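J.: following is a predicted model, sequence given first.
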Amino acid sequence: MLVAVEKDAVRNSGMPDTKVSARQLFNIDTELMVPAFSAPDEHVPDLDPDYLFDRETTLAILAGFARNRRVMVTGYHGTGKSTISSRWRRG
């Protein structure tokens, strides 16, 4: 029962509650394990099986999250900032 209470506390804190393999989730050749949420919420779009992640950009973002660092994604409109940020939150 205590474990369930602790998991609920983590889930309600807004913090990731699991770790996932970047290799499995993003199909990128890396051993990186990154924090993730075990369940999606209403702010996360459905997975698009045809979306291809840019390796360098995705690894840069994931490395920041894996090390609990802030990550800022910048670029011109239409370059995929919102798309990639919504994809990695799906974890």
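T.: Happy to help now that I have it.
J.: please pull out the lowest mean pLDDT helix or strand from the protein.
T.: helix 2-12 (a mean of 53; mean pLDDT, DSSP states H and E).
J.: just the buried residues of the helix or strand following that helix, please?
T.: Once helix 2-12 ends, the next helix or strand along the chain (criterion: DSSP states H and E) is strand 18-21. Under the neighbour-count criterion of 16 or more other CB atoms under 10 Å, strand 18-21 has V20 buried. Using the backbone N, CA and C atoms, a C-beta is placed for each residue, glycine as well.
J.: what's the helix or strand for P40?
T.: Applying DSSP H and E, one finds P40 in no helix or strand.
J.: can you pull the pLDDT of it?
T.: Looking at P40, its pLDDT is 81.
J.: mind checking the SS state of D29?
T.: Taking DSSP: H, G, I helix; E, B strand; the rest coil as the rule, one finds D29 in the coil state.
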